[in-house]
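Could you look at this predicted model? Sequence included:
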Amino acid sequence: MSIPASPDLPARPNVSARPKRGVLQKLARRPLALIGLAVVAVVVLGALLAPWLTNFDPDQQMFDGLTLTGEPLPPNATFWLGTDLLGRDLLTRILYGARTSLIIGIVANGIALIIGTLVGVTAGYFRGWVGSILMRFTDLMMAFPALLLAICLAAVFQPSLWIVALVIALVNWVQTARVTYTQTSSLAEREFIDAERTIGASSARILFRHILPHLVPTIIVWGTLGISTTVLLEATLSYLGIGVQPPTPSWGNIIFENQTYFQAAPWLVFFPGAAILALALAFNLIGDALRDILDPTQRGRT
Amino acid sequence: MIAYLCRRLFQSLLILLGISIITFALLYLLPADPVRQIAGRSATPATVESIRRQLGLDQPFLVQYGRYLWNLVQGDLGRSYIQRSEVSELIVARLPATLLLMVGAIVCELLIGLTMGLLAAVRRGSATDQSLMVASFVGVSAPQFVVGLLLLYVFAVRLNWFPIGGYGTFSHLILPSLTVGILGAGWYARMMRSSMIDVLRQDYIRTARAKGLARATVLIRHALPNAILPIVAMIGIDVGILMGGIVVVESVFGWPGIGQLVWQAIQRVDIPIIMGVTLVSAFAIVLGNLLADIVAPFIDPRIKLR
């Protein structure tokens, strides 16, 4: 869940300096986080092992994949989740579609985290006119209707897997920038940073040895929650037909391709839709648990 | 207060200006040629060039943007390339539908979200609390087009309770509002829960209980109003999230609002409409944020405007 950080809230010093060794153990004690981890594991395995899990090819249009009148088949013994409007096996397309979602989730979110942290840390540490320009630009991006921007961007570039990832990154870095900015600017005023400066430490040393390690928990939390946003945005763009282009399967474009059939063949919307929901939910559950563990000041509040 | 207002208004204007520059630049870079779309395939190169000149699209970027801005200041959003009418008229014609959808969505998300948050806070730590919080996560993790299509399938196609799509009566409004509202409901449920938990910890709640008031009275008369207030200010910030959903939800339900307008415009490279709708939605978002900040100190005197 992405709650926009209000710019007017006072900066709150982060309590836990770096992720503790027991994070994984703590995560394992939370049933919801465990469910999330399990879902992610299933999706990752499904994506990696897709060629071995199914006998079909994702683009293969099966002769017996449609009814005599040319309609998609409901779930049955051969095609476990049914077939789509071109007679392709839906399960196979969903498995291969998981690759698309995961690649975009990781790449787009990674780029967004890097841009966001870079902007946030630069603005928070150096302040001055650079900082103010960067943060005014971040404010501007927060007021941009995000989906509309993504749609415009996706229309500007010819959509391919990597372009879609880039578009999503260009829309999604803003939250990270806001959060890392608030933390960096409060850290930069603390005594131990002053002490470093007085003994003549360079900005690079202060940033990499002292500021960034403090930001790691925040980056981990926002990185996890961000994958969820990314997966949803990719699905939405692909559903509108301006994301990942068929025949490359993506959970969003499976629904896009088949929605004319959805009244007669609701499974074509239901299964890929459930996959999107499950993956987005899983990352939200993990991210929320991580926030509780890594940031004790937030415990029990959100 | 006045100084603060002036500064915020100025900042908001700058933000809108920035958004107009970025959107205009993006649309200028668009590889698809709007003139080809207008002229059609059979047009001769001479016709294409004359249309280009007519629309001023042969001018350099800064000239085009300067002219757009000059017109914008006078309240003119330009003319649609394809529909041959004023963009402002097209938007004004579609705006009521979108606003109606937003009001419906806000009602849905407050009703669902606040109730969920209240129940979760009162039964904090119980199974009810846990399942409500999972439900709120489902709400924020569900892609809106899937929610929309599923609601359509169950309540319109199968049960026949609501029309399949379109606009006009109250029953047309329910499913689209719910679709947009479910996302926000998850968000409000979590805020309401933490706000309510904060309030229930306060001394005055203990005092109220100690002087012998019934638990329900304390909850409804003393805790609820205080817990809801900080959330009211959030509705302004929520505009951005609501705006995000309109393109998708309006296209799922065939709802004739500005989301549909811009979506058709994007497909036909009708740049003036894309610009117009982007600016109008950015304006709504900026206004929402501004209102949220201005209202906050009235609701909660501890908040000071800086």
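Sure, I can see it.

what about the closest residue to chain A within chain B, helix or strand, and which?
Closest contact between chain B and chain A, by C-beta to the nearest C-beta, is at B:Val146 (3.5 Å). For the C-beta atoms, the positions are set from N, CA and C on the backbone; glycine is no exception. Assigned by DSSP states H and E, B:Val146 belongs to helix B:144-151.

quick one: average pLDDT of the helix or strand that comes right after that helix?
Next along the chain after helix B:144-151, taking DSSP H and E as the criterion, comes helix B:170-200. The average pLDDT within helix B:170-200 is 87.

remind me which residues of the stretch 151-300 of chain A are low pLDDT?
Applying pLDDT under 70 to the stretch 151-300 of chain A flags residues A:156, A:158, A:296-300.

Please work out which residue of it is closest to chain B.
Closest point on the stretch 151-300 of chain A to chain B, by C-beta to the nearest C-beta, is A:Gly273, at 3.5 Å.

Check the gap between that residue and A:Thr236 for me.
Distance check for A:Gly273 against A:Thr236: by C-beta to C-beta, to the nearest Å, it reads 12 Å.

How about B:Val63?
In this structure, B:Val63 and A:Thr236 are 36 Å apart, going by C-beta to C-beta.

For stretch B:108-115, give me every contacting residue.
By C-beta atoms under 8 Å, 6 or more residues apart in numbering or on different chains, the residues outside stretch B:108-115 that reach it are B:136, B:177-178, B:180-189, B:191-192, B:228, B:231, B:235, B:238.

C-alpha coordinates for that stretch, CSV please?
Presented in CSV, the C-alpha positions along stretch B:108-115 are these (Å, rounded to 0.1, in the frame of the first residue of the first chain):
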residue,chain,number,x,y,z
CYS,B,108,-18.3,3.5,-0.9
GLU,B,109,-14.7,3.7,0.4
LEU,B,110,-15.7,5.7,3.5
LEU,B,111,-18.6,3.4,4.3
ILE,B,112,-16.6,0.2,3.8
GLY,B,113,-13.3,1.5,5.0
LEU,B,114,-14.3,3.3,8.2
THR,B,115,-16.6,0.4,9.3
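
Any stretches of the stretch 101-250 of chain B with poor pLDDT?
Checking the stretch 101-250 of chain B against pLDDT under 70 turns up nothing.

Close to chain A: what parts of it are there?
Selection of the stretch 101-250 of chain B residues close to chain A by C-beta under 8 Å from any C-beta of the partner chain yields B:130, B:134, B:137-138, B:140-146, B:149-150, B:153, B:157, B:186-187, B:190-191, B:194, B:197-198, B:237, B:240, B:243-245, B:247-248.

again, only using 6 Å
Within the stretch 101-250 of chain B, the positions adjacent to chain A are B:137, B:140-143, B:145-146, B:149, B:153, B:157, B:190, B:194, B:243-244, B:248 by C-beta under 6 Å from any C-beta of the partner chain.

Can you give me the neighbour number for A:Ile168?
Residues within reach of A:Ile168, counting by other C-beta atoms under 10 Å in any protein chain shown, total 31.

Contact partners for it?
A:Ala108, A:Thr230, A:Leu233 (C-beta atoms under 6 Å, 6 or more residues apart in numbering or on different chains).

please redo it, this time with the cut-off set to 7 Å
With contact set as C-beta atoms under 7 Å, 6 or more residues apart in numbering or on different chains, A:Ile168 has these partners: A:Ile104, A:Ala108, A:Ala150, A:Thr230, A:Leu233, A:Glu234.

How about B:Gly117?
B:Tyr188, B:Ala189, B:Arg190, B:Met191, B:Met192, B:Arg193, B:Met196.

Buried ones only from those residues, please, as a PyMOL command.
Buried subset of those, written as a PyMOL selection, criterion 16 or more other C-beta atoms under 10 Å in any protein chain shown:
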select buried, chain B and resi 188+189+190+191+192+193+196
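
Overlap in contacts, A:Gly273 and A:Thr236.
Counting by C-beta under 7 Å, 6+ apart, the residues touching both A:Gly273 and A:Thr236 are B:Pro143.

Tell me the buried residues in the top helix by length along chain B?
In chain B, assigned by DSSP state H, the helix with the most residues is helix B:87-122. Across helix B:87-122, burial judged by 16+ other C-beta under 10 Å covers B:87-88, B:90-91, B:94-95, B:97-98, B:100-102, B:104-106, B:108-110, B:112-114, B:116-122.

Stretch B:228-244 too?
Buried, per 16+ other C-beta under 10 Å, within stretch B:228-244: B:228-231, B:233-244.

got it, and stretch B:4-12?
For stretch B:4-12, by 16+ other C-beta under 10 Å, it's B:Arg8, B:Ser12.

That stretch near chain A anywhere?
No - counting by C-beta under 7 Å from any C-beta of the partner chain, chain A has no neighbours in stretch B:4-12; the shortest distance is 7.6 Å.

Using CSV, write out the CA atom coordinates for that stretch.
Extracted C-alpha coordinates of stretch B:4-12, given in CSV (Å, rounded to 0.1, in the frame of the first residue of the first chain):
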residue,chain,number,x,y,z
TYR,B,4,0.9,30.6,3.8
LEU,B,5,-2.1,30.4,1.4
CYS,B,6,-0.4,32.7,-1.1
ARG,B,7,2.8,30.6,-1.0
ARG,B,8,0.8,27.4,-1.4
LEU,B,9,-1.2,28.8,-4.3
PHE,B,10,2.0,30.0,-6.0
GLN,B,11,3.5,26.6,-5.5
SER,B,12,0.4,24.9,-6.9
